[in-house]
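A.B. asks: I'll drop the sequence and a predicted model, then ask my questions.
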Amino acid sequence: MKKIIALTIMVTSILLSQTLTATNVDKSSITGSWLGSISAGAIELRVVFNLSVVEKDSLIATLDSPDQGAKGIKLGPVTFNGETIKISAGAMLAEYNGTLVNDTLIEGIWKQAGKSSVLNLKKLKAQFALNRPQEPKPPFPYSAEDVTFTNSIFKISLAGTLTVPSGKGPFPAVILITGSGAQNRNEELMGHKPFMVIADYLSRNGIAVLRYDDRGVGKSQGNYASATSADLATDAKAAFDYLKNNSSVDQHSIGLIGHSEGGLIAPIVAASDQDIAFIVSLAGTGVNGEKIIHRQTADISRISGVDEKQIKETIAVNKKLYAGLKKEADNKTASEKMSSVYEEILKKKKSSPEESEKAMKQIQASLNPGTLTWLRFFLITDPSVYWKKVKCPVLALNGENDLQVAADENLPAIEKALRSSGNNSVKTVKLPGLNHLFQHSKSGLPAEYGKIDETFSPEVLRIIADWISGL
């Protein structure tokens, strides 16, 4: 689930460029683009510093974060004395200090919001560009229309793109539902646009696709931060109601494709609407969110080389924090109580004042009361309650290398819930070598997501299209 991955580099605030001239220093050796990676929890974010000289002797810098889709963020001031460089980014609460080792290497430290990370930069021979060979390019053999529809429950307008195959309809159709975290209609993440790739493939193969910006994202109205999965299910239901009135779409063959948390939202919708024709669950959940998070923590930590004792300690701490959140309905009070619990844990560990202060800042930053409604719902919700009420055909797919939603825990749970209520129209597939984003991967670690050129497995695209066409 993407929501619980904390990203350390904040790219929303843009600072006007500033320069500072150091006299009698040749800056030509340091101009150009420099690439490095910042560790952000379970993932690594690539960053590119672009350095250039203006007005003969003044250095300026911009920052690209290709894995976050950010480019040309202006930084400053910049100082360079021939050996060391300092790049400030005040609006991001960040600063980079590095030492020029040679013409192609800078070794340094990135500091942001009280945290420090090693950030070594290598000079690029050419401007950095992501390689995303699957990203669709025009001309397209289908129509694509920007559409809007209304969630009457929350009184918000949602915006998306509807792709319809060429030829005579009506066509079977799917609604794509994103995973956790505020996503645009392409479910854009780490430089990838998986929903654009899925929509392109399916519409080339006779299936209409509606993908939409999450509430509060892009052109959609609403507040994402305070929305639970149940709230977001009303957005998906609004999308379904919209398609039911579209003449290009077969009204009896409209299904849902949900990725990650979207694989929880899909059965929430279908449990109360028997007109849903089918569900494709992509790395969807079959057990409650607390089990998902604890398993995710263990799997990612283990693959990352963390020892078992530390893994158990981390999970034990999380259990104590989540227990308080589940009991306390008021978010502000829950945040305060969880902070107090964590402070007591640090005292028992006899952490130094410096370590405690740093740890408390980190935990408090993650306990924003505005997001706790979502987390509480996710922790306590048992997806099987909804899966048991689903009567339509279900295709559930998970990657063998998925470290965020474990296949061996969730696929059997989904199948068991469906069959227990008499729904035998279910197919589950564990796909070798695929990670949470359905990329062919080595370890499955989130740190690989942005580094892999492939956006979405072609084999899985074929499986989905063939299964829908065979219904």
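C.D. replies: Okay, I see it. All of these numbers come straight from a predicted model, not from anything done at the bench.

A.B. asks: any chance you could map the helices in the stretch 151-300 of the chain?
C.D. replies: 194-204, 229-243, 262-272, 289-303 (DSSP state H, counting those that start in this stretch).

A.B. asks: Indicate which one of these is closest to I175.
C.D. replies: helix 229-243 (4.7 Å; C-beta to C-beta). For every residue, glycine as well, the C-beta is placed using N, CA and C.

A.B. asks: pLDDT (mean, whole number) over that closest one?
C.D. replies: Throughout helix 229-243, pLDDT has a mean value of 98.

A.B. asks: Same check on stretch 189-204?
C.D. replies: Mean predicted confidence for stretch 189-204 is 96.

A.B. asks: which residues does the closest residue to L434 other than its chain neighbours contact?
C.D. replies: Spatial nearest neighbour of L434, excluding adjacent residues (C-beta to C-beta, 6 or more residues apart in numbering): G399 at 3.1 Å. Remark: with contacts taken as C-beta atoms under 8 Å, 6 or more residues apart in numbering, G399 is in contact with A283, A407, K430, L431, G433, L434, N435, H436, F438, S441, G444.

A.B. asks: redo that, cut-off 7 Å
C.D. replies: A283, A407, L431, L434, N435, H436, F438 (C-beta atoms under 7 Å, 6 or more residues apart in numbering).

A.B. asks: What about the fifth one, how many residues nearby?
C.D. replies: Same thing as N435. 25 (other C-beta atoms under 10 Å).

A.B. asks: What pLDDT does the model give it?
C.D. replies: 98.

A.B. asks: Would you list the phi and psi of it?
C.D. replies: Per-residue torsions, N435: phi -100, psi -170 (degrees, to the nearest 10).

A.B. asks: swap in the fourth one?
C.D. replies: In this entry, L434 is assigned phi and psi values of phi -100, psi 140 (degrees, to the nearest 10).

A.B. asks: Equivalent analysis for R462, please.
C.D. replies: Main-chain dihedrals, R462, degrees, to the nearest 10: phi -70, psi -40.

A.B. asks: Over to D64?
C.D. replies: phi -110, psi 140.

A.B. asks: OK, contacts around it?
C.D. replies: Neighbour list for D64: V47, V48, N50, A70, K71, G72, F128 [criterion: C-beta under 7 Å, 6+ apart].

A.B. asks: In a markdown table: those, plus secondary structure and neighbour count.
C.D. replies: Output for these, formatted as a markdown table (DSSP: H, G, I helix; E, B strand; the rest coil; neighbours: other C-beta atoms under 10 Å):
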| residue | secondary structure | neighbour count |
| --- | --- | --- |
| V47 | strand | 25 |
| V48 | strand | 18 |
| N50 | strand | 20 |
| A70 | strand | 17 |
| K71 | strand | 14 |
| G72 | strand | 9 |
| F128 | coil | 15 |
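
A.B. asks: and among the helices of the stretch 151-300 of the chain, the most buried is which?
C.D. replies: Comparing the helices of the stretch 151-300 of the chain by mean neighbour count (mean count of other C-beta atoms under 10 Å), helix 262-272 ranks first with a mean of 26.

A.B. asks: Determine the set of other helices and strands touching it.
C.D. replies: Packing partners of helix 262-272 (3 or more C-beta pairs under 7 Å, 6 or more residues apart in numbering; DSSP states H and E): strand 171-177, helix 229-243, strand 249-259, strand 279-282, helix 383-387.
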